[in-house]
Structures are given as C-alpha cells and as structure tokens.
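K.L.:
Quick one, fold the following:
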Amino acid sequence: MEPITTKVLIVEDNVDHALLAKICLGKAGYRNVCVVHSAESCRTRLSKQSFDIILLDYHLPPENGLTVIKDLTENKVTIAPIVVVTGHGHVGIAVEAMKAGAFDYVIKSGTNYPGILPNVIKRVLEKHKILMDKTRMEDEILLRNRELQVLNSISQVLNRSLILNEILPGAIDTISESMQLETSAIYKFDEEKNLLVRMVGAGMLKDLDELGELPSETEELNELFAEGNSRVLLSNGTSTSEWSAPLFAAGMKTCIAVLLTHNRRLNGLFLGASKEKNYFSERRVNLFSSICNQISIAIENANLYIQTHNLKDNLVDVLDSSLDLIVTLDQDGRIRFLNQRFVRVQKQPADKVEGMYFCDFIVEHKRSEVVRNIMSTDRDRSKTYLTELLTAEGATLHCVISQTRLKGRDELLLVIKDFSPIIRLQNQVMQSDKLSALGQMIAGAAHELNNPIAGISGYAQLLLEEGLEESTMQDVKVILKEARRCQEIVRNLLAFARKRDPKHQPIDLNEMLRAIVEVQGYQLRLCDIKIETDLSPELPAISADYQQVQQVVLHLIHNAQDALADQRNLPKVLRIKTAVTSECVQIVVADNGIGIPPEIHNSIFEPFFTTKDVGEGKGLGLSMCHGVIEAHRGKLSVHSKPGMGSQFTIELPIKDKFKGVKPREIVWGRYPSFET
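P.N.:
Model prediction:
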C-alpha cells in the first residue's frame, strides 16, 4: 500500500483513544499523523505546522471542543477542515459544533470507531476541496467584477468627450479613488518637444515640478518600447531613474510606469506610485495595463479628432474661398451644407438656410426642371445644367450647376457657377455690334442728307443778299438757322458713326446745367413740371466735349418730360443734381414719372429699342447717349421703379490735372452755342 501524504492532526485527551486512532490510520496508509492531548498543545502545534485535516475531541478539559473551534476559526489559525469527535451521540452537540465552525463530526460510541476514520477523512477532504474550489471561484468572480467595474467607470469618463482636457482629469481621479493609489499622473507625448508632458496628476504628482516633463528616450523606456509585448516598468525602490528617484525620495515604496502606445506609436505614459511595497501585484499590474490601454485609445481618438477637425476646417476654408456657390443636398433636396459665397448671396445666416429646400432659391419657372434633376433616378450620374437663382434682393443670377453624388453618401454636391457677368459681357458685345451697324447706317444717311442741306443753306444765303422785305428776310434767316442746325446734327451723326474721340476742353458742368435749365424751363413749366436743382459748389472742372455732354443731358430731360406727361396723380418734379467723388463727377437727372418696367432695364440702351408709339421715337437717343459717355471713359446707369420714377446717373472721370481745381480758376474759352 502506498503511503498517503495527507497530514492529520489528532487532538484527543484520552491517550488510549488517540493511540487506537493513529494505529487505525497507519494501517490505512496515513504516515503523517500527529497526536496532541490538549487545546493548548493544539494551538502550539498549529503555530508551527500546517495540517490538511484536524480530528478534534469534543471533551478537552479544562476547555471543550466548541471553544477551541471558535478560537481557531475566528483567529484564522488554520484553514484545514475540523472534524469533531464526540463520545455522545447527542444531535445538539453536533449542531453546536457545526455552528462554531466544524466541518463534520464523528461519534466514538459506535462499534466501527476508530475504523471509520479513514473513510471520514477521505469524505471530508473531498467535500472540503469542493468547498474551497467554490470559494476560490466566488472570490475570483467578485474580484473580476470589481476590476470590470473599475474599467467600466474609467471607460465612461474617457468616452464623455474627445477633448483630452475634458476627460483626463476625471480619469486620473477615478483611477486614484478606485485603485487606492497614493499618486499618479498621465503624460502625453509632444512630438515637437520630443518629451512626455504631464497632462494631469493626482497626489504629489499633480504639482511635482521635477516630473512635469520627462524625456521620451531614456534607456529604460527605449528597451521597454523595443520589446513590443510588455509595456510595464516596475521599480521597488532601488531604481535611480529620472522618473522614479523623486518618488522614492518623497517616501514611495514602489512605482509603475506604463507606456501608452497604439499600433507601435507612442502616445504617452502613465506613472503611479504607492507607499505599500508589494502594492503592484501581478493582478494589479494586469489591471493597470488594461486601464492604460483605454487611456491610450482615448489619446489616439483625441489626436484623430484634432486631425479630422483641422482637415474639416481646411476644407471649409477652401470651400468658403471659392467664387462659386457650393451646397450639399440630402435625398429630399434639403440643404445640408453651404459655403460663405452662398451665404453672402442670400444674406441669411448659414444655420437658418440649412434644412431649407434648395428649390426655394430657384426662380419659379425653373423649379420643376431643377427638381427633376435632383430627384431623378440617375442621381449617381454627374450632370450639368442651366438654371436661374434668386438672390436676397430678388435679382436673378444665371447659373450653371454641376451636380455630383458624394461618394458613400446619399447626398448631392452642387457647384453653382454664376455666369451673369458673362451674359452681361455678351450683351455688351451685342450692343456694341448693334452700335457698329447703327454707325454704318448713320454714316450713309448723313452723307445723303448733307448735300440737300448744303443746297438749302446756300440758297438761303443768296436770298439774304437779294434785299427782300423784312418779314420775308426773317423767314429766310429761320431757314438758314435751321439748315445750319441740321448740318451740325449731321456732323454729330458722322462723328458718332466714325467713333472719333470727343473734342475735350475744360468745362464747368454746373454752368452748363444752369444754361440748359434756363432754356428748357419755359417749356417744362408749360407742362406743369417743377424743376429742382442741387448743384454742388465743390464740383471741379472736367475735360469733356461740351456739346456732346450737353446733348446727353438734353435727351435725358426730354425723356423725363415724356415720362412725367403720363403721370396723373402726383406733382410732376424733375430734379437735376451734381456731386463729386474721389474719382469722378456725377450728373443725376431724376423724375417722379411712371418709371421703367424691370423687364426692359437691360434693353433701354440698345439701338432701335423704344417704348414710344410708332413715329414718336426711333430708339436711338439712349444708345447714342450711352456711346457718348463711354467715349468719355464714363458710365451711364439707370435706377427705376414702376410708378415711382427714374434716375439716370452720368459719371465722368476727373483728370489728375483738374483735381481740386474749381471752374472759376480756369480761363474759359468761348462755349459752343446752346441751341434748342
């Protein structure tokens, strides 16, 4: 029979009973059996040696077995199972023994004692092993649950935000409280400085200046980082490294440093210390490693957030710098994003425009076409189409929309290019072509008219030399005057047709306008039109062709007179005003007549365009005025609202040599004649 290694302690005051029990167990193979005869001897033996099972006699004068059991269990003298051996078969004694901490009991009075002891020991040890395994599993579960609670509480703190300054203070406080750690700190790797910079700390590491920054390339850390697997560095008080020596000098007994890495990239370092020498057990080290994994991921996410945010800002800056209008639309056609160019055109805050339907910004007669393009089944195909966009002022922008679906998203990107300036340029080219055609026609007509007018003028001069009667003589003079006027008009038409440069001379615009008002005043008053003038005394001299500018102003006054003739309700007022800016002088001719419909604003300067009845207008006046002012390198513009009147503004540049010079300071030549 092979010997059994189980260590048995027999506590029995009866020597004979003890001897019989030992002999019985020896026959069953138990070689490690120890016998004592008193409670005191039991305590002494247990202080020197551990046993696998204890057979304790209930009767141990001057004590009893119950007292000994309570003492051994309460003071945790042994973890071995205790079997109470009693000579009485009383159930109450057994119950009391079990309550005191006994694992089982045996009655001596039976014929099988002590022969049953080997089986009792075997049965008790098996039951005790099961109980101990269960206890260990329960303890392991409780400990693991506590570790998971610690990890969960730290995870909740780290997941509150992607900004490190908002989450790391809460994380370090949670670690210190849940792990009962005297001091700790979290460092972040600064690539520019190549240092580990303390972000937050608890305990003495919160304000310890010596450990505010740590080198990232010490021999210890380099070896640790090179190992790849282990990221933990422990020190028990013998280390003199830069990160642990100050802590030991302050009374710490053991320290831990855990590298915060992600995909072999250094993100930072966790540093902790305790006054308990054996604080960092293997289990706690593993727990700190898990905690530091979470911290490292949080730092990595924060870095990615910063990079993403910077990329987003850069992209928004690029889009906002674009001259084109850029929007993105969801699957319902609502605006999800818009750049600043769109905001400036619509003059509404971005947050107000977001969520609005894009088609609300399209002119009504184009909306159905835009809706078809946005909601079409071939949304994945890029397309380009023309449309008209409404601005905040109600104006219309002629646009080209480039529509593309965003990759991986059910959204559309619309790049809206405003080609209204191109259309205006095309209109100017068309108008220039019309003026060129007009010039050729006028040149031919002027040459044809010049000959008969010359004949009329010649014969009129001959008649004046015939000594006619006074009344007849006056009629001939009128004929001669009007013939010369026709000749002057023909010369102007030829000049316009040949596109000759105006004959510039310094002129006083205020004086010219006063002369025009004086001559035209009588005719205007007959039409119940009140003339109001506001001539700036600071108006400088300009270099211009006096007669051409005079004809432009006269034509604008005649147009205003026609517009006021149709005004029935309000007092008829014609206003003439001059003003000066840093670069030009302005002549404003305004009336409160019927105004100009907005649909013909872009047509009024075109040759042959007129709103007058057949025979009343040829459509040449404003186009010729426009050409005259452009020849002076100036600008003729109009602002009008139906029912409220019109305002024409002439802008003529100031030459540098005339800036600051008042008209009275110039020696004027003779003005050309002012003919009506």
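K.L.:
Going by C-alpha atoms from here, please, whenever you check contacts or count neighbours.
P.N.:
Noted.
K.L.:
And residue 161, how close does it get to residue 184?
P.N.:
As judged by CA to CA, to the nearest Å, residue 161 and residue 184 stand 22 Å apart.
K.L.:
nope, residue 639 is what I meant
P.N.:
For residue 639, the distance to residue 184 - CA to CA - is 75 Å.
K.L.:
Name the residue in residue 161 and residue 184 with the higher neighbour count.
P.N.:
Per other CA atoms under 10 Å, whichever of residue 161 and residue 184 has more neighbours is residue 184, with 24 against 15.
K.L.:
Pretty sure that one sits against residue 199.
P.N.:
No: with contacts counted by CA atoms under 8 Å, residue 184 stays clear of residue 199, the gap being 11.3 Å.
K.L.:
Residue 426: neighbour count?
P.N.:
So residue 426, with other CA under 10 Å, has 12 neighbours.
K.L.:
and the residue lying closest to residue 79 once chain neighbours are set aside, what element?
P.N.:
Distances taken as CA to CA, 6 or more residues apart in numbering put residue 73 closest to residue 79, at 7.7 Å, once the chain neighbours are dropped. Element membership of residue 73, judged by DSSP states H and E, is helix 65-74.
K.L.:
next one: that helix to chain centre, how far?
P.N.:
Counting by CA atoms, centre = their mean, to the nearest Å, helix 65-74 is centred 73 Å from the centre of its parent chain.
K.L.:
so what does it touch, helix or strand wise?
P.N.:
helix 91-100 (3 or more CA pairs under 8 Å, 6 or more residues apart in numbering; DSSP states H and E).
K.L.:
which residues touch the helix it packs on?
P.N.:
65, 66, 69, 70, 84, 104, 105 (CA atoms under 8 Å, 6 or more residues apart in numbering).
K.L.:
Give the rounded mean pLDDT of the helix or strand where residue 156 lies.
P.N.:
Residue 156 is located in helix 117-158, with elements delineated by DSSP H and E. Helix 117-158 comes out with an average pLDDT of 90.
K.L.:
Quick check: buried residues in the next helix or strand after it?
P.N.:
Using DSSP H and E, the next helix or strand after helix 117-158 towards the C-terminus is helix 164-179. For helix 164-179, burial by neighbour count (16 or more other CA atoms under 10 Å) applies to 164, 167, 168, 169, 170, 171, 172, 173, 174, 175, 176.
K.L.:
Pipe those residues into TSV and attach pLDDT per row.
P.N.:
As requested, these are arranged in TSV below (pLDDT from 0 to 100):
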residue	pLDDT
164	91
167	92
168	93
169	93
170	93
171	93
172	93
173	93
174	93
175	92
176	90
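K.L.:
hang on, the earlier thing: quick one: name whatever helix or strand follows the helix holding residue 73.
P.N.:
Trace forward from helix 65-74 with DSSP H and E and the next one is strand 82-86.
K.L.:
Remind me what that following strand packs against, helices and strands.
P.N.:
strand 53-57, strand 104-107.
K.L.:
and of these, who's closest to residue 545?
P.N.:
strand 53-57 (130.5 Å; CA to CA).
K.L.:
what does the closest one rub up against?
P.N.:
6-13, 65, 80-86, 121, 125.
K.L.:
again, only using 7 Å
P.N.:
By CA atoms under 7 Å, 6 or more residues apart in numbering, the surrounding residues in contact with strand 53-57 are 7-12, 65, 80-86.
K.L.:
so where do the helices sit in the stretch 501-650 of the chain?
P.N.:
509-526, 546-565, 621-631 (DSSP state H, counting those that start in this stretch).
K.L.:
any chance of those in JSON lines, plus distance to residue 145 and mean neighbour count?
P.N.:
Formatted as JSON lines, these follow (distance: least, CA to CA, whole Å; neighbours: other CA atoms under 10 Å):
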{"stretch": "helix 509-526", "distance to residue 145": "96", "mean neighbour count": "15"}
{"stretch": "helix 546-565", "distance to residue 145": "93", "mean neighbour count": "19"}
{"stretch": "helix 621-631", "distance to residue 145": "89", "mean neighbour count": "20"}
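K.L.:
and of these, who's closest to residue 341?
P.N.:
Shortest distance between residue 341 and these, using CA to CA, is found for helix 621-631: 31.8 Å.
K.L.:
and the closest one, how far from the chain's centre?
P.N.:
Using CA atoms, centre = their mean, the offset of helix 621-631 from its chain centre is 51 Å.
K.L.:
so what does that helix touch, helix or strand wise?
P.N.:
helix 546-565, strand 635-641 (3 or more CA pairs under 7 Å, 6 or more residues apart in numbering; DSSP states H and E).
K.L.:
Return the helix or strand in this structure with minimum mean pLDDT.
P.N.:
helix 219-227 (a mean of 67; mean pLDDT, DSSP states H and E).
K.L.:
which residues are in contact with stretch 127-147?
P.N.:
So stretch 127-147 is contacted by residue 81 (CA under 7 Å, 6+ apart).
K.L.:
I should have written stretch 357-366 there, sorry.
P.N.:
For stretch 357-366, the external contacting residues (CA under 7 Å, 6+ apart) are 333, 334, 335, 367, 387, 388, 389, 390.
K.L.:
Tell me, how many residues neighbour the first one?
P.N.:
When you say that, I think you mean residue 333. Should you count by other CA under 10 Å, residue 333 turns out to have 18 residues around it.
K.L.:
what's near enough to touch it?
P.N.:
Residues counted as contacts of residue 333 (CA under 7 Å, 6+ apart) are 357, 358, 374.
K.L.:
which residues touch the last one?
P.N.:
This points to residue 374. By CA under 7 Å, 6+ apart, the contact set of residue 374 is residue 333.
K.L.:
where's it, which helix or strand?
P.N.:
Using DSSP H and E, residue 374 sits within helix 364-375.
K.L.:
tell me which strands and helices the next helix or strand after that helix is in contact with?
P.N.:
Next along the chain after helix 364-375, taking DSSP H and E as the criterion, comes strand 383-390. Here strand 383-390 touches strand 396-405, going by 3+ CA pairs under 7 Å, 6+ apart.
K.L.:
Give me the residues contacting the strand it packs on.
P.N.:
379-390, 411-420.
K.L.:
If any of the residues you listed are buried, give me the ChimeraX selection for them.
P.N.:
Burial among the contacts of strand 396-405 is assessed by 16+ other CA under 10 Å; the matching ChimeraX selection reads:
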select :379,386,387,388,389,390,411,412,413,414,415,416,417,418
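K.L.:
where do the helices sit along the stretch 351-500 of the chain?
P.N.:
364-375, 420-464, 470-498.
K.L.:
could these go into JSON lines alongside mean pLDDT?
P.N.:
Output for the helices of the stretch 351-500 of the chain, formatted as JSON lines (pLDDT from 0 to 100):
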{"stretch": "helix 364-375", "mean pLDDT": "90"}
{"stretch": "helix 420-464", "mean pLDDT": "76"}
{"stretch": "helix 470-498", "mean pLDDT": "75"}
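K.L.:
Of all the ones you listed, which one is nearest residue 652?
P.N.:
Of all these, helix 470-498 sits nearest to residue 652, with 18.4 Å by CA to CA.
K.L.:
Could you count how many residues lie near residue 109?
P.N.:
Close neighbours of residue 109, defined as other CA under 10 Å, add up to 12.
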